[in-house]
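> here's a sequence, model it:
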Amino acid sequence: MVLLYCTIFVSLWTLGTIMLVHNPRNAHVRWFSVFLFVTGFASFSVVLNVLLLPWMRSSASFAPENIEAVRLFTMIAWGIEYHFLPYLHLMCALVFSRIFRRGALFLFSLAAALPIVIYLVAVPPLYPELQLGHPLFRILSGVYFAAGISIYWIRYSTEKHPSYRKNSFRTSMALMVCISFLYGTDYLGMNYFYIARDGLQINGNNLWQYNFLISLVFVALFVFYSMKYGFMGIKLRIERQKLDYSMKNLTKGALILNHTIKNEIQKINYLSSRMRTAAANDDKEVMLHDLESLDRVTGHILGMMNRIKEKTDEIVLHEQEHRLSALLDYSVQTLEPILAHNRIHLSRDIQSDPVVLCDAGHIREVLGNMLGNAIDAMEPGKGKLTLSLLNDKKEVLVWVRDNGSGIPKESAAKIFDPFFTTKKGSSNYGLGLNYCYGVMQKHGGSIRLIETNPGAGTWMELRFPAKRVRTATAAAERLGQMRSGVY
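Numbering: from 1, shown residues only. Coordinates of the predicted model:
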């Protein structure tokens, strides 16, 4: 039994460490890692009380004060786990749901801890002998657990994005099962825990002895779903770790510049062809319009040359506040000749006009890569390209959808790898989406493939984090200035 309890805290602490190392910037990951660490305190305390303390008492090598120090440590560890685990579960749910902004969440975290602190001061004996399992705390902990589970399910029910909705369902279902079992064994089913001077006393329904099962089930679910789909808001993939490693070691400056020039030369070729036709027809209006587009293309190349460090793997950001819709307009305008030549129908779904703190040059290049890939995948005369700009809670999304050839299933997991390409021809280096991934990571955001089906098209997403988005009021004021002609 002691060995099984060792597996509980070892597996939980290992899992918490993996999550924290993999995604330390994610607030829900940070809170849930703390939740896992604290959950392991109880089984660790049991092992010390059952195995280490009896051995220390039977040995003449340890002074009484040393034995008491170990016992005091087990009391503190178990007391923290028992009393604050419901609170941590509630906070994890609130962070996952993104109901509150950061400031409001901090205030609520203090307020939510207050009832537990008052209980600890007023009700149970804490020393010299710790007793857990008071009927009042069973009720209080039940409220916290029930509220946390409800909030997870509310997040699931309000999530509109199909991929995120599935992730929310897996998270909510797994936590509901695990937390319900934990509450039934360690809170409702336990009359008392008693860490006395002469040993550990536990009185209850004895189901607590099977806690290792729920721990192992949770770890197994986490590993399976994280590797295959995504779980707890994170996605552990061997391919993604390989990608991060490659990103750090590639000499990216020259490669990105090479790719940028290749894309822009294609635009220049289309523009020069249109200008020759316009010159032959003496159409000055078309020529002037194409010259303006040519200026934008050459300006973009010069801007990228100035921004990318030669022979370095570092993407340097020059950040300013920009309207994302203006960056989208720019990228579309530079591709207008190609869209017209290929007779591709472009539709826009602009549901918001956020102001985002970003590097305009790099984001234009990312958008140009995504749109260019979509155009290349569609058959001339039959292509339909949809560009969407919308909000997801406090984050901003850009969707690019096409009805092109799609990506084969076996290639979908590799599209962000450097030098991987599904396009034919020596001029395609397989660096575009790898570069896009690096830029979005540098911005604290993400780029991902939402859906693709061979012969039915592809759906890509850019996601900008809330910390880079101006408040709704500020964005609305800027939009009002734009509409009134004041910039």
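> so where's the stretch 51-200 of the chain shaky on pLDDT?
Along the stretch 51-200 of the chain, segments meeting pLDDT under 70 span 124-125, 161-163.
> just the strands in it please.
Assigned strands in the stretch 51-200 of the chain, in chain order: 130-132, 190-196, 199-204 (criterion: DSSP state E, counting those that start in this stretch).
> partner strands of the longest one and their direction?
It refers to strand 190-196. Paired neighbours of strand 190-196 in the sheet (DSSP bridges): strand 130-132 (antiparallel), strand 199-204 (antiparallel).
> just the ones you listed: most buried one?
The highest average neighbour count among these, using mean count of other C-beta atoms under 10 Å, belongs to strand 130-132 at a mean of 19. In short, each C-beta sits where N, CA and C put it, glycine included.
> what lies in contact with that strand?
Residues outside strand 130-132 that contact it (C-beta atoms under 8 Å, 6 or more residues apart in numbering) are 75, 78, 79, 82, 124, 125, 190, 192, 193, 194, 195.
> residue 403 touches residue 374, doesn't it?
No - the criterion here is C-beta atoms under 8 Å, and residue 403 misses it with residue 374 at 9.3 Å.
> between those two, who's got more neighbours?
The residue with more neighbours, out of residue 403 and residue 374, is residue 374; 26 against 20, by other C-beta atoms under 10 Å.
> how about that one, what does it touch?
By C-beta under 8 Å, 6+ apart, the contact list for residue 374 reads 385, 400, 401, 402, 404, 458, 460.
> try 6 Å this time
For residue 374, the contact set (C-beta atoms under 6 Å, 6 or more residues apart in numbering) comprises 385, 400, 402.
> I'd assumed it was in a strand, is it?
No - counting by DSSP: H, G, I helix; E, B strand; the rest coil, one finds residue 374 to be helix, located in no strand.
> can I get the strands of the stretch 51-200 of the chain in a markdown table with distance to residue 97?
Putting these into a markdown table (distance: least, C-beta to C-beta, whole Å) gives the following:
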| stretch | distance to residue 97 |
| --- | --- |
| strand 130-132 | 30 |
| strand 190-196 | 30 |
| strand 199-204 | 33 |
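> and of these, who's closest to residue 152?
Within the strands of the stretch 51-200 of the chain, the stretch nearest residue 152 is strand 190-196; the backing value is 24.5 Å (C-beta to C-beta).
> and the closest one, what's buried?
In terms of neighbour count (16 or more other C-beta atoms under 10 Å), strand 190-196 has its buried residues at 190, 193, 194, 195.
> again, but for stretch 48-61
For stretch 48-61, burial by neighbour count (16+ other C-beta under 10 Å) applies to 48, 49, 53, 56.
> of all the residues you listed, which comes closest to residue 39?
Nearest to residue 39 among the buried residues of stretch 48-61: residue 48, at 16.1 Å, using C-beta to C-beta.
> wait, what's in contact with that closest one?
Residues near residue 48 by C-beta under 6 Å, 6+ apart: residue 74.
> what do you get for the one 10 residues further on?
Contacts for residue 58 were tallied using C-beta under 6 Å, 6+ apart; there are none.
> name the nearest of the contacts of strand 130-132 relative to residue 341.
Using C-beta to C-beta, the contacts of strand 130-132 come closest to residue 341 at residue 82, 69.0 Å.
> now for that closest one, how many residues are close by?
Around residue 82 there are 23 residues (other C-beta under 10 Å).
> what's the answer for residue 359, then?
Counted with other C-beta under 10 Å, the neighbours of residue 359 add up to 20.
> that one - nearest residue in space that isn't next to it in sequence?
Nearest non-adjacent residue to residue 359, counting by C-beta to C-beta, 6 or more residues apart in numbering: residue 317, 4.2 Å away.
> pLDDT wise, what is the one you found at?
At residue 317, the model reports a pLDDT of 85.
> with residue 340 instead?
87.
> that's a strand at it, yeah?
No - assignment of residue 340 by three-state DSSP gives helix, placing it outside any strand.
> need the longest helix for the chain.
helix 64-97 (DSSP state H).
> could I get the full set of helices for the stretch 351-487 of the chain?
Per DSSP state H, counting those that start in this stretch, the stretch 351-487 of the chain carries helices over the ranges 360-377, 409-412, 432-442, 472-483.
> and those: which comes nearest residue 353?
helix 472-483 (4.9 Å).
> picking that back up, let me have the strands paired with strand 190-196 in TSV, extended by distance to residue 174.
Below are these laid out as TSV (distance: least, C-beta to C-beta, whole Å):
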stretch	distance to residue 174
strand 130-132	26
strand 199-204	25
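> among those strands, which comes closest to residue 332?
Per C-beta to C-beta, nearest to residue 332 of those: strand 130-132, 62.9 Å.
> how about the buried residues of stretch 48-61, which pair is most distant?
Greatest spatial distance in the buried residues of stretch 48-61: 49 and 56, 10.9 Å, computed using C-beta to C-beta.
> can you name the residues bridging to the residue nearest to residue 129 when sequence neighbours are not counted?
Spatial nearest neighbour of residue 129, chain neighbours left out: residue 196 (5.0 Å); criterion: C-beta to C-beta, 6+ apart. With DSSP bridges as the criterion, residue 196 is bridged to residue 199.
> pLDDT score assigned to residue 256?
56.
> what about residue 456, distance to residue 371?
Distance of residue 456 to residue 371, computed by C-beta to C-beta, to the nearest Å: 19 Å.
> on that earlier part again, now, which of the contacts of residue 374 sits nearest residue 35?
residue 400 (36.6 Å).
> and for the nearest residue to residue 394 once chain neighbours are set aside, the neighbour number?
Excluding its sequence neighbours, the residue lying closest to residue 394 (C-beta to C-beta, 6+ apart) is residue 466, at 3.6 Å. By other C-beta under 10 Å, the residues close to residue 466 number 15.
> so residue 466 makes contact with residue 393?
No - assessed by C-beta atoms under 6 Å, residue 466 is found out of contact with residue 393, at 7.5 Å.
> what about the helices in the stretch 101-250 of the chain?
All helices of the stretch 101-250 of the chain, identified by DSSP H, counting those that start in this stretch, fall at 102-122, 135-158, 162-183, 211-228, 238-249.
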